[in-house]
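> sequence first, predicted model second:
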Amino acid sequence: MKIHFLGIGGIGVSALAQYYLAKGHDVSGSDLVSSEITEALLKKGAKIHIGQENPDDLSKKFDLVIYSPAVHVRHSMSNTRVRHRMSNILSYPEALGELTKQHFTIAVCGTHGKSTTTAMLSLILIKAGLDPTVIIGTKLKELGDGNFRMGGKSKTNTARTLLRGRNVLVIEADEHFGSFLNYWPKMIIITNIEADHLDYYKNLQNVKKAFRQFVGHLPKDGVLLDLRSPTSLLDFVNPTDPQKLKKILKVPGEHNISNALAALAAARALKVSDRISFRALSEFKGAWRRFEILQLKPFILVSDYGHNPTKAMAALKAAREKWPKKEIWCVYQPHQYARTHYLFKDFVRTFRTAPTDKMIITDIYDVAGREEKKITKKVSSPKLVAAVNKENVIYLPNKKILPFLNKSLSHGQVLIIMGAGDIYLLAENLKKHESNQ
């Protein structure tokens with residue numbers, strides 16, 4: 001088959017593209033800009049076009065067209081016209097949804113913690129011989145710095161009985177745009193539910209409604225592991241496990257103990273021995289941009305993906321827990337005007353109470369195709385800093401941050417570069433600069 005992806009550089013879409021490459025299909029795709037993800041796909045055999053494409057032109061060229069939800073927003077009218085004529089155009093969630101029906105699918109969902117929990121569970125299942133296919137929204141060192149793993153049939157008799165002949169698929173199930181409502185898993189892990197993606201859901205009640213609807217996709221013999229409700233874990237985890245996990249985990253923070261607890265419970269539900277699970281968890285090195293320690297000298301440099309108040313606070317508390325006596329600095333890039341607007345009071349509360357010595361807030365990352373003009377005029381980083389109203393919380397535009405850091409940082413501090421936009425490039429530039437000194 002000839003399969004074409006619109007928005008192939010997306011972290012989820014690129015994993016699905018790799019799945020079809022591994023299956024031997026002719027894969028191509030486009031994105032607005034090149035990236036390390038598109039470069040990696042090129043090396044694996046995909047044909048990549050950089051620049052905008054007209055979906056109307058694709059109907060006769062490919063057997064299947066798969067588009068990112070973000071691309072769908074940019075081309076909503078065009079895609080609507082195409083879909084009237086073309087039955088083989090699917091969104092990424094629709095295409096992934098078809099795969100979930102063909103596998104014993106384990107879906108990890110929640111406002112935060114999805115990537116890390118998916119990673120932890122995947123590594124446990126690999127060590128246990130269940131040979132899972134993995135589609136995850138981050139990169140893992142254990143997957144060759146990739147976000148995808150092609151699996152096969154389980155090598156254990158117990159698992160074969162539980163799986164009823166189906167191969168395991170572990171996915172990170174995103175709730176934005178209601179994407180996860182396309183998935184039909186046999187096991188669901190819910191890490192937490194909070195108000196987020198309010199540009200789509202508008203309020204927390206609608207977020208909870210979507211999660212309830214997703215849980216309704218489980219079959220009668222399906223398994224639900226909900227970290228918000230400890231009773232749902234009691235059949236699989238006893239009260240002493242969190243203490244043991246805290247001792248063995250390399251990744252810091254109470255939130256990571258919760259993530260590991262969910263992965264352990266899922267492994268036990270699949271009859272994986274604790275010996276295997278604890279070994280896998282003790283060896284977990286962390287995920288890309290999830291409290292990723294890039295260097296230890298002359299200052300400690302950490303890259304983190306945190307982009308809502310809870311994620312930001314969890315990462316900063318983890319830093320203080322890991323380095324209680326060090327001076328901690330954070331450069332924070334708010335992600336999306338809508339998120340900053342809807343969660344403004346929560347961000348203010350977070351940055352007022354964050355355990356940091358210096359907080360630098362830079363310009364809001366503009367998410368193409370998802371911003372409302374009326375909101376972009378209402379909110380800004382200087383307004384956020386003014387509302388926080390603390391001497392150690394300052395605003396700096398992007399272009400001034402690197403000179404400021406080079407002038408102000410001394411040896412021994414902890415610097416956390418945080419956000420889901422392109423702020424990670426600052427961390428990479430700082431790392432390269434220091435390595436050349």
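Right, received. Where do you want to start?

> ok, now which ones touch I375?
By C-beta atoms under 8 Å, 6 or more residues apart in numbering, the residues touching I375 are Y337, A338, H341. C-betas here are computed from N, CA, C, even on glycine.

> and these, which is closest to P397?
Set against P397, the nearest of the contacts of I375 by C-beta to C-beta is Y337 (15.9 Å).

> looking at the protein, which helix is longest?
Taking DSSP state H as the assignment, the helix of the chain that covers the most residues is helix 254-269.

> now the helix or strand just after that helix against helix 254-269, angle please.
Next along the chain after helix 254-269, taking DSSP states H and E as the criterion, comes helix 274-283. Counting by axes from the mean of the first three to the mean of the last three C-alpha atoms, to 10 degrees, helix 274-283 lies at 150 degrees to helix 254-269.

> so how far is helix 274-283 from its chain's centroid?
Between the centre of helix 274-283 and the centre of its chain there are 23 Å (C-alpha atoms, centre = their mean, to the nearest Å).

> tell me the buried residues in that helix?
I276, S277, F278, A280, L281 (16 or more other C-beta atoms under 10 Å).

> of those, closest to P403?
Closest to P403, out of all of these and judged by C-beta to C-beta, is L281, at 41.2 Å.

> for that closest one, which non-adjacent residue is closest in space?
A260 (5.3 Å; C-beta to C-beta, 6 or more residues apart in numbering).

> who's in contact with that neighbour?
Contacts of A260 by C-beta under 8 Å, 6+ apart are M120, L245, L249, L281.

> give me the subset of those residues lying in helices.
Those of those lying in helices (DSSP H): M120, L245, L281.

> quick check, the last one in contact with I124.
Read it as L281. Yes - counting by C-beta atoms under 8 Å, I124 is a contact partner of L281 at 7.0 Å.

> shared neighbours, those two?
With C-beta under 8 Å, 6+ apart as the test, L281 and I124 both reach A263, L264.

> tell me where the model's unsure across the stretch 1-150 of the chain.
55-57, 59, 72-87 (pLDDT under 70).

> what do you get for the stretch 301-437 of the chain?
Using pLDDT under 70, the stretch 301-437 of the chain drops low at 368-370, 432-437.

> swap in 80 and give it another go.
Along the stretch 301-437 of the chain, the parts satisfying pLDDT under 80 run over 367-374, 410-411, 431-437.

> where do the helices sit along it?
Counting by DSSP state H, counting those that start in this stretch, the stretch 301-437 of the chain has helices at residues 309-322, 337-342, 344-353, 373-376, 381-388, 398-408, 424-435.

> what of the stretch 151-300 of the chain?
According to DSSP H, counting those that start in this stretch, the helices that the stretch 151-300 of the chain contains are 157-163, 198-201, 204-215, 241-248, 254-269, 274-283.

> what average pLDDT does the first one get?
Right, helix 157-163. Averaging pLDDT along helix 157-163 gives 72.

> what about stretch 242-254, start to end distance?
9 Å (C-alpha to C-alpha, to the nearest Å).

> now do it: everything it contacts.
116, 256-257, 260-261, 264, 278, 281-286, 290-291, 314-315, 317-319, 321-322.

> just the buried ones from these?
Buried among the contacts of stretch 242-254 by 16+ other C-beta under 10 Å: 116, 256-257, 260-261, 264, 278, 281, 284, 286, 290-291, 314-315, 317-319, 322.

> T156 is in contact with L163, correct?
No - if you go by C-beta under 8 Å, L163 and T156 don't touch, sitting 9.7 Å apart.

> on that earlier part again, helix 241-248 and the longest helix of the chain, what's the angle between them?
Here helix 254-269 runs at 110 degrees with respect to helix 241-248, directions being taken by the same axes, to 10 degrees.

> so how far is helix 254-269 from its chain's centroid?
Its chain's C-alpha centre and that of helix 254-269 lie 17 Å apart, by C-alpha atoms, centre = their mean.

> now stretch 330-347
17 Å.

> and stretch 119-139, by the same measure?
So, by C-alpha atoms, centre = their mean, the centroid of stretch 119-139 is 15 Å from its chain's centroid.

> ditto for stretch 246-259
Taking C-alpha atoms, centre = their mean, one finds the center of stretch 246-259 at 18 Å from the center of the full chain.

> Y92 versus G12, what's the distance?
For G12, the distance to Y92 equals 6 Å [C-beta to C-beta, to the nearest Å].

> before we move on, what about V367?
16 Å.

> who has more neighbours, these two?
Y92 (29 against 17; other C-beta atoms under 10 Å).

> contacting residues for the residue lying closest to the more buried one once chain neighbours are set aside?
Among residues not flanking Y92 along the chain, V13 sits closest, at 5.0 Å (C-beta to C-beta, 6+ apart). Counting by C-beta under 8 Å, 6+ apart, V13 touches F5, G7, G29, I66, S68, Y92.

> and of these, the nearest to Q52?
Checking the contacts of V13 one by one against Q52 (C-beta to C-beta), the nearest turns out to be G7, at 10.5 Å.

> could I have stretch 421-433 exported to CSV, CA atoms only?
The C-alpha coordinates for stretch 421-433 follow below in CSV (Å, rounded to 0.1, in the frame of the first residue of the first chain):
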residue,chain,number,x,y,z
GLY,A,421,7.0,24.2,22.5
ASP,A,422,10.4,25.0,21.0
ILE,A,423,12.0,26.0,24.3
TYR,A,424,13.9,22.7,24.3
LEU,A,425,16.2,24.2,21.6
LEU,A,426,17.5,26.5,24.3
ALA,A,427,18.5,23.6,26.4
GLU,A,428,20.2,21.9,23.4
ASN,A,429,22.1,25.2,22.6
LEU,A,430,23.2,25.6,26.2
LYS,A,431,24.4,22.0,26.2
LYS,A,432,26.4,22.5,23.0
HIS,A,433,27.9,25.8,24.2
